[in-house]
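S.K.: Pasting the sequence and the predicted model now:
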Amino acid sequence: MENFDNLGLAPILLQNLAGLGLIKPTPIQEQGIPHIVRGRDLLGLAQTGTGKTAAFGLPMLTRIIAYGKRPAPKTVRALVLAPTRELATQIHDNLAAFAKDAPVRIQRVVGGASINAQSEKLAKGTDVLIATPGRLLDLLERRALVLSETKYLVLDEADQMLDIGFIHALRRIAKLIPAERQTMLFSATMPKLMEELAQSYLTDPVRIEAAPPGKAADRIEQGVHFTTQGDKAALLAEYLSKHVDELSIVFSRTKHGADKLANLLEKWGFSVAAIHGNKSQNQRERALAAFRAGEIKVLIATDVAARGIDIPQVAFVYNYDLPNVPDNYVHRIGRTARAGRAGTAIAFCAPAEMDELKSIEKTMGQKIPVIGGEPHAAAEVARAAQQQPKQGRKPHRGQAGQGQRPPRAEGAASKPRAAKPAPKPQAKPADGGAARPRRRRPATAAAE
DNA sequence: AAAAAAC
C-alpha cells in the first residue's frame, strides 16, 4: 500500500491529510481502516505513536460524513474515552484537523474546566465527543447529553481504563450506549482483565497488532545508570547539561517528587516545568504548551504524561524514578523516538529499585544495557531496604548526596535559600560516565 | 503503593 487513497476514506479527509503532509498510512492504519470503514469492531494492540488516532478517526469520520444527518440536540454520535485530559485534548485536536471543513461537530469535555460552558456546547448535539470518564459522568448526571443515539465507542489506552476508579466509570458509561454500535478498543498490553473487557465490549473484532505488545520501540536507545537516590539529581543535571538544546521528559514517581526536582533544577539554571495531577488544568496546559513550543526544555512529569503525549521533538526520556508498574516503563519511553525520529531513554536505578528494574526487563523480554555505575549487589539492596522500607522510598536525610538539597521541612520551599551551584556543564561524569548510550540500531523512517 | 479522573 502506497498511500491513503485506496482505503475507502471520504475525499475531504484525503484532502486534509494531504494538507497535513500525511501521505503514507502506518501499519495499524493500513490494516485497520478498511475494516472500520465497513463497520467491524476492532481490537488494536498499539501504543500512541503508531498512528492510532487516525486509524480509528479517519474511518469513523468517513462513516459519519457518509451518514450525512446532523446530530439531534444533546445526542452524541461517536464517543471517544481517554484516561487523561491532555490525551483527550490531543485526540480532539487531531480529529479536528482531519475533519477540517467537513460537516461534523467535534467536541471535547474534560475536568478542570468550566462545566457550564461544556454543557452548553453539548446542547446542539455532537458528532464526535472526546471525553475523560469523570467529567462525562458528571455531564450525564446533569442531563447535559444522552448516549442513546451513540453508534461508535472508542476506548483509547484501554489498559489504563481497567484501573480501579476508571473501570466503574467505564462500565457505567458503556451501559448507557446501545449495544448496536461499533466499538474500537486500543490497548498497549493485553492482561487477562483486558481480554475479558474486550470479550464483553466487542463483537467479532478484527484484531490488529501494531507492534508486539509490551515491547519497546526498536528505535529507542535504552540505558540504565546505577546510582543512589541521593545522587540522582546531580546525575540528571549532568546528563541534561550535555543536551541543553534538546527536549527531555523526566519521570518522577510522585507528584511531590516532581515538584521538588523541578525546583532544584530551576535553581540550577535549567529551563523546566512540572506537570502532574495536583497542578491546575491551566498550569498543566501551559506547561505542556511551553514544552511543545520548545520554550521549556525539560518537563518533569508524573505518569499523567506517561501515555499518549505526542511531541516529536522529545529526544530524551529519563526515568528518574523507575515506575512501579512495569508497563508504564514502556509507555514512558514511548514519549521519545516519535514520528520516525531517534530517541534515548535513560533509567536511574537506586538500590531500592532493583526489583522494579528486574520486572521491567522481564516485561520487555530484554535487558537494558548498563551505561553507568554498577548493578547494586544484594547486600546493598538489603541495606537500602532496611534504611527506607519499600513503602516510603523517600530520600533519607543521611543519604542526601552531592548536589541533592537536604530534605526540606514543609514550607521551606517558599523560603529563599542559597542556590547550590549547578554542576558544570562539562563536568566529568562520575564512575564511568553519563555517556550517551550507543545506538544499537539506526533510526528507521516511517511511523506517523 | 502512586497516579489519574468529578465537583
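M.R.: Sure, I can see it.
S.K.: Next, count neighbours for A:Arg286.
M.R.: Close neighbours of A:Arg286, defined as other C-beta atoms under 10 Å, add up to 15. C-betas here are computed from N, CA, C, even on glycine.
S.K.: Does it lie in a helix or a strand, and which?
M.R.: Element membership of A:Arg286, judged by DSSP states H and E, is helix A:281-292.
S.K.: Can I get that helix in PDB? Just the C-alpha atoms.
M.R.: This file holds the C-alpha atoms of helix A:281-292, laid out as PDB (Å, rounded to 0.1, in the frame of the first residue of the first chain):
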ATOM      1  CA  GLN A 281      -5.600  22.400  34.500                       C
ATOM      2  CA  ASN A 282      -4.400  25.800  33.400                       C
ATOM      3  CA  GLN A 283      -0.900  25.100  34.700                       C
ATOM      4  CA  ARG A 284      -0.900  21.700  33.100                       C
ATOM      5  CA  GLU A 285      -1.800  23.100  29.700                       C
ATOM      6  CA  ARG A 286       0.600  26.000  29.900                       C
ATOM      7  CA  ALA A 287       3.500  23.600  30.900                       C
ATOM      8  CA  LEU A 288       2.700  21.300  28.000                       C
ATOM      9  CA  ALA A 289       2.300  24.100  25.500                       C
ATOM     10  CA  ALA A 290       5.600  25.700  26.600                       C
ATOM     11  CA  PHE A 291       7.300  22.400  26.300                       C
ATOM     12  CA  ARG A 292       5.800  21.700  22.900                       C
END
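S.K.: distance between it and the chain's centre?
M.R.: 15 Å (C-alpha atoms, centre = their mean, to the nearest Å).
S.K.: what residues does it touch?
M.R.: A:85-86, A:89, A:110-113, A:247, A:273-275, A:279, A:296-297, A:299, A:304-305, A:309, A:311 (C-beta atoms under 8 Å, 6 or more residues apart in numbering).
S.K.: repeat that with 6 Å
M.R.: Helix A:281-292 is touched from outside by A:Gly112, A:Ala113, A:Ala273, A:Ile275, A:Ile296, A:Leu299, A:Ile311, with contacts defined as C-beta atoms under 6 Å, 6 or more residues apart in numbering.
S.K.: ditto for stretch A:255-265
M.R.: By C-beta under 6 Å, 6+ apart, the residues outside stretch A:255-265 that reach it are A:Ala233, A:Ser252, A:Val272, A:Ala274, A:His276, A:Asn278, A:Ile300, A:Thr302, A:Arg405.
S.K.: try it again with 7 Å
M.R.: Taking contacts as C-beta atoms under 7 Å, 6 or more residues apart in numbering, the residues outside stretch A:255-265 that touch it are A:233, A:237, A:250, A:252, A:272-274, A:276-278, A:298, A:300-302, A:320-321, A:405, A:413.
S.K.: in the stretch 101-250 of chain A, what spans have low per-residue confidence?
M.R.: Within the stretch 101-250 of chain A, the segments meeting pLDDT under 70 span A:211-217.
S.K.: Helices along that one, start to end?
M.R.: Counting by DSSP state H, counting those that start in this stretch, the stretch 101-250 of chain A forms helices over residues A:115-122, A:133-141, A:158-161, A:167-176, A:192-201, A:232-242, given from the N-terminal end onward.
S.K.: Now render the ones you listed as CSV, adding mean neighbour count.
M.R.: As requested, those are exported to CSV (neighbours: other C-beta atoms under 10 Å):
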stretch, mean neighbour count
helix A:115-122, 15
helix A:133-141, 18
helix A:158-161, 24
helix A:167-176, 15
helix A:192-201, 14
helix A:232-242, 22
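S.K.: Kindly report the domain assignment for chain A.
M.R.: The domain map for chain A lists A:4-209, A:220-414, with the assignment taken from automatic domain parsing.
S.K.: Need those domains in JSON lines (columns: distance to DNA strand B).
M.R.: Written out in JSON lines, the entries for the domains of chain A read as follows (distance: least, C-beta to the nearest atom of the strand, whole Å):
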{"stretch": "domain A:4-209", "distance to DNA strand B": "2"}
{"stretch": "domain A:220-414", "distance to DNA strand B": "2"}
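S.K.: ok so, going back, could the helices of the stretch 101-250 of chain A be laid out in TSV, adding distance to A:Ala262?
M.R.: Listed next are these as TSV, based on distance: least, C-beta to C-beta, whole Å:
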stretch	distance to A:Ala262
helix A:115-122	30
helix A:133-141	26
helix A:158-161	24
helix A:167-176	30
helix A:192-201	34
helix A:232-242	11
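S.K.: Following the lengthiest helix in chain A in sequence, what is the next regular element?
M.R.: With DSSP state H applied, the helix covering the greatest number of residues in chain A is identified as helix A:52-67. Proceeding C-terminally, helix A:52-67 gives way to strand A:76-81 as the next helix or strand, assigned by DSSP H and E.
S.K.: quick one: that next one to helix A:52-67, angle?
M.R.: Calculated by axes from the mean of the first three to the mean of the last three C-alpha atoms, to 10 degrees, strand A:76-81 forms an angle of 170 degrees with helix A:52-67.
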